[in-house]
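Peer 1: Structure for the following, please:
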Amino acid sequence: MANLKLSTPISSEISNKILDDTKAKMGFAPNMYLKMGQNPALLDSYAYAYNSFRKNAGFTPVEQEVILLSVAFENACTYCMAAHSFVADKMTNVPTEVTDAIRNNTPIADPKLSALSILTKQLTGNRGMVSPEQITPFLSVGYSENHVLGIIAGIAVKTMSNYANHNTKPEVDEVFASRKWTSI
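Peer 2: Numbering: from 1, shown residues only. Reported below is the predicted structural model:
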């Protein structure tokens, strides 16, 4: 698919504020944000939902990264796989064997993180329609039905960025380059 032709510079006050805030926190604005910022409704919705997922979904930072990586894997988003692999490895201390298992679609040794990744991939791939038999293993490792809803919040947030990336094709930022990924 060809890249969408996007205008520059960004003329939205909403987008520019989000980009400025992101630069202040991270030291740079990721290319994905620059592309999404062309439409302030998209970037504003993404930023709000992302922050709410991080604060309110009921998962640890490690579990959050497992969810976001599992969605990105299922949606074959090369940009988000690189970015969240980097974040997982360097910022939230997710064991590399966990991120590599998600990236390679191989089993995760930790039973709780495995159940989380499996259900996230099932919910993403089946557009939210899973059977009680698919949810039972997730609940049996200590998660609750409330956590299923938290996964849905993560899927919503990551799907926004995955779909935007599929259509705008942002270049993977240099900081994430060591974790570039190609869809299996």
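Peer 1: what about the nearest residue to L113 once chain neighbours are set aside, neighbour count?
Peer 2: Distance criterion C-beta to C-beta, 6 or more residues apart in numbering; nearest residue to L113, sequence neighbours excluded, is V66 at 5.3 Å. Yep, even glycine has a C-beta here, placed from its N, CA and C like the rest. Neighbouring residues of V66 were enumerated by other C-beta atoms under 10 Å; the total is 31.
Peer 1: residues in contact with the nearest residue to Y46 once chain neighbours are set aside?
Peer 2: Closest residue to Y46 apart from its sequence neighbours, by C-beta to C-beta, 6+ apart: M160 at 4.9 Å. Each residue near M160 by C-beta atoms under 8 Å, 6 or more residues apart in numbering is listed here: L42, S45, Y46, A49.
Peer 1: now the residue nearest to L113: how far from G37?
Peer 2: Here the criterion is C-beta to C-beta, to the nearest Å. By it, V66 lies 27 Å from G37.
Peer 1: same question, N167
Peer 2: N167 is 14 Å from G37, by C-beta to C-beta.
Peer 1: Who has more neighbours out of the two?
Peer 2: Between N167 and G37, counted using other C-beta under 10 Å, the more crowded position is G37 (26 against 13).
Peer 1: Need the nearest residue in space to the more buried one, chain neighbours excluded.
Peer 2: For G37, the nearest residue in space outside its immediate sequence neighbours is S15; the separation is 3.7 Å by C-beta to C-beta, 6+ apart.
Peer 1: buried set for stretch 68-83?
Peer 2: 68-75, 77-83 (16 or more other C-beta atoms under 10 Å).
Peer 1: ok, those residues vs E97, which is closest?
Peer 2: Ranked by distance to E97 (C-beta to C-beta), the buried residues of stretch 68-83 are led by L69 at 12.9 Å.
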